[in-house]
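J.: Model the structure of this input:
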Amino acid sequence: MSYFRTTETGSPDPAAPGPRHRWDVVTAVAGALFVLTVAAIGWVLEYEDGEMSGDLHVDFPPLHADWLPHVGPGSPAACTVAVLTVVYGPRVADRTPWRGLLPLTWLAAMAWTWSLALVDGWRRGVAEQLTNKYEYLHEMDRFADVGTALRGFTQHILKAAPDNWAVHVAGHPPGAVLTFVALDRVGLGGGTWAAVWCITAGSSAAVAVLLAVRALSGESVARRAAPFVALAPAAVWVGVSADGYFAAVAAWGVTLLALAATRTVRYPTAAALASGLLLGLVVYLSYGLTLMAIPAVAVLLITRAWRPLPPVLVGALTVAAVFTLAGFYWWEAYVLLVERYYEGVGGVRPFSYWVWGNLANVVISGGLAALAGTRRAAVGTVAAGRRWWSRENPAASASGSTDGLVLLVLAVVLAIAVADLSGMSKAETARIWLPFTVWLLPAAALLPAVAHRYWLSGQAALALAINHLLLTSW
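T.: Model (predicted):
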């Protein structure tokens, strides 16, 4: 591993070792104390005399989980993947040819996600995760006629409506459930195949993130990020939840836009069109992922490239047109969703707690390394912004500058803040932050390379502790 105090352009390299490293540790300690404080307050609010009596509606605040220390068939594999990534990950990421590093990172992310899921056993951890009464597969029989189901979709969103949809179907646009309908139609029906799809697609976000970081900040920065995106605490919720799949669709949409904007792909117009299709699709997978427009616009601003915008808009509007012509009206459904939201726990859970509980969930799913890296990005934002304003190109991959990554992370933090303050996330849990936290993980590349193994150890320990001490759900 090579260590530099400056980039090739002479700009400071936040990943170089130096006295500021102590602030990384301070940030991590502060983050841990923040999560513990939020958890303690949540415990007091939710429990009285040992009985659940509060309005938070989670058993182990701020996580939707139960205290259940256990081991499972995935435990040895998870520990093995963690040790191998911590010990060899940084060196392998530095020395493996780029074309080989991408599939290797995907395989590592899949191995990590699968092994964590199997800590809970095959049935409980994988096959039955998406088959309960709250999930998409519960409503599969009602989509025998897709056209009719789409035209009548909004009529079943409200709780008071006849035959109201299961919670997750009601809480999302129909693109989410139609994904599993499509799998069923090609012979991949049932909970097992749904889980395989979510894990395989969700773990591919690691590759998307690396490609985007390389396009915006250069290959050396992407290589430093690789072990962190592979060994993410967020994998606890990628295996298994549909939000892992949503995260991947959003990540590939942003990445294709970055490749088109930096013209680091053979056919940039086609990449921009594909980006628009994916970013359009993600809006029909989850209402809240309209906020992915913030990092998408940030990519265009960072690169000062507006040529991809028309094909992106064509792609996104094409998806919207298809759903609208099929009889599903997004805005009408969203208005009904807000009403349904406040009919359920969304109308009970106190915003005063969840505005902090949401952030604690982001810290948990991203890990303390991502938090410390995000602090470095925040510190470097002003300098990166000045260089951008002075028309130095922070996205030039040849420069090795971290500015592109710094500004992208800032945009993702802004998206998280908007989601948190909207009040529409307080009835949710850690899984909904996956599309955003996958973009905080590469911020760990800004940490001193000499300390990467220590930070990776912390990431792995957090995920292993969650999956072995708690039974996560939702």
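
J.: Can you check which helix is longest in this structure?
T.: helix 21-46 (DSSP state H).

J.: show me the contacts for the nearest residue to G244 once chain neighbours are set aside.
T.: Nearest residue to G244, sequence neighbours excluded (CB to CB, 6 or more residues apart in numbering): G202, at 2.8 Å. Where C-beta positions appear, they are placed from N, C-alpha and C, glycine not excepted. Shown in contact with G202 (CB atoms under 8 Å, 6 or more residues apart in numbering): T113, V238, G239, G244, Y245, A247, A248, L434.

J.: try it again with 6 Å
T.: V238, G244, Y245, A248 (CB atoms under 6 Å, 6 or more residues apart in numbering).

J.: next one: S203
T.: Neighbours of S203 in contact, by CB under 6 Å, 6+ apart: A109, M110, T113.

J.: Point me to the helix or strand that includes the last one.
T.: Element membership for T113, per DSSP states H and E: helix 98-118.

J.: how about low-confidence regions in the stretch 301-450 of the chain?
T.: 392-400, 427 (pLDDT under 70).

J.: distance between the longest helix of the chain and the chain's centre?
T.: Distance of helix 21-46 from the chain centroid (CA atoms, centre = their mean, to the nearest Å) equals 21 Å.

J.: The next helix or strand after that helix pairs with which strands, and in what direction?
T.: Using DSSP H and E, the helix or strand that follows helix 21-46 in sequence is strand 47-48. Sheet pairing of strand 47-48 (DSSP bridges) gives strand 51-52 (antiparallel).

J.: Can you tell me the SS state at L471?
T.: For L471, the secondary-structure state derived from DSSP: H, G, I helix; E, B strand; the rest coil is strand.

J.: For it, give the beta-bridge partners.
T.: D66.

J.: Was I right to think it contacts H70?
T.: No - with contact defined as CB atoms under 6 Å, L471 does not reach H70; the gap is 7.4 Å.

J.: So which of those two has more stuff around it?
T.: The residue with more neighbours, out of L471 and H70, is L471; 19 against 14, by other CB atoms under 10 Å.

J.: if we can go back for a sec, which one of the contacts of S203 is nearest to L300?
T.: Checking the contacts of S203 against L300 with CB to CB, the nearest one is A109 at 27.6 Å.

J.: Could you list which residues are in contact with that closest one?
T.: Counting by CB under 6 Å, 6+ apart, A109 has contacts S203, A206, A230.

J.: Including pLDDT, secondary structure and distance to A82, could the residues you listed go into CSV?
T.: Putting the contacts of A109 into CSV (pLDDT from 0 to 100; DSSP: H, G, I helix; E, B strand; the rest coil; distance: CB to CB, whole Å) gives the following:
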residue, pLDDT, secondary structure, distance to A82
S203, 98, helix, 15
A206, 98, helix, 15
A230, 98, helix, 11
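
J.: Count residues in the vicinity of A78, would you?
T.: For A78, using other CB under 10 Å, the count is 26.

J.: you'd agree it is up against L118?
T.: No - between A78 and L118 there is no contact under CB under 6 Å: 7.9 Å.

J.: now the helices for the stretch 251-400 of the chain?
T.: Applying DSSP state H, counting those that start in this stretch to the stretch 251-400 of the chain gives helices spanning 268-283, 293-303, 309-325, 330-343, 351-366, 368-389.

J.: Export those as a markdown table, with columns for mean neighbour count and distance to Y136.
T.: Listed next are these as a markdown table, based on neighbours: other CB atoms under 10 Å; distance: least, CB to CB, whole Å:
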| stretch | mean neighbour count | distance to Y136 |
| --- | --- | --- |
| helix 268-283 | 22 | 16 |
| helix 293-303 | 21 | 25 |
| helix 309-325 | 17 | 17 |
| helix 330-343 | 16 | 15 |
| helix 351-366 | 23 | 21 |
| helix 368-389 | 20 | 29 |
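
J.: out of those helices, nearest to G189?
T.: Among the helices of the stretch 251-400 of the chain, helix 268-283 sits nearest to G189 (CB to CB), with 21.2 Å.

J.: when you compare where the closest one runs with where helix 330-343 runs, what's the angle?
T.: 40 degrees (axes from the mean of the first three to the mean of the last three CA atoms, to 10 degrees).

J.: Output helix 268-283 as CSV, nothing but the C-alphas.
T.: Extracted as CSV, the C-alpha positions of helix 268-283 are listed here (Å, rounded to 0.1, in the frame of the first residue of the first chain):
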residue,chain,number,x,y,z
PRO,A,268,-21.8,7.7,-22.5
THR,A,269,-25.2,8.5,-24.0
ALA,A,270,-26.3,4.9,-23.5
ALA,A,271,-25.0,4.9,-20.0
ALA,A,272,-27.0,8.1,-19.3
LEU,A,273,-30.1,6.6,-20.7
ALA,A,274,-29.7,3.5,-18.6
SER,A,275,-29.1,5.7,-15.5
GLY,A,276,-32.4,7.5,-16.2
LEU,A,277,-34.2,4.2,-16.5
LEU,A,278,-32.8,3.0,-13.2
LEU,A,279,-33.3,6.3,-11.3
GLY,A,280,-36.9,6.4,-12.7
LEU,A,281,-37.5,2.8,-11.6
VAL,A,282,-36.2,3.4,-8.1
VAL,A,283,-38.9,6.0,-7.6
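
J.: which helices and strands does that helix pack with?
T.: helix 242-262, helix 309-325 (3 or more CB pairs under 6 Å, 6 or more residues apart in numbering; DSSP states H and E).

J.: Nearest to Y454 among the ones you listed would be which one?
T.: Per CB to CB, nearest to Y454 of these: helix 242-262, 26.6 Å.

J.: mean confidence for that closest one?
T.: Across helix 242-262, pLDDT averages out at 97.

J.: Quick one: list the elements packing against that helix.
T.: helix 191-203, helix 205-217, helix 268-283, helix 293-303, helix 434-440.

J.: From the chain's centroid, how far away is the fourth one?
T.: For helix 293-303, the separation from the chain centroid amounts to 17 Å (computed by CA atoms, centre = their mean).

J.: for stretch 34-45, which positions count as buried?
T.: V35, V38, A39, I41, G42, L45 (16 or more other CB atoms under 10 Å).

J.: The last one and G54 touch, don't they?
T.: Pointing back at L45 there. Yes - using CB under 6 Å as the test, L45 is close enough to G54 to be in contact (4.7 Å).

J.: Need the overlap of contacts for these two.
T.: Joint contacts of L45 and G54 (CB under 6 Å, 6+ apart) do not exist.

J.: The helix holding T113 to helix 205-217, inter-axis angle?
T.: Going by the same axes, to 10 degrees, helix 98-118 makes 140 degrees with helix 205-217.
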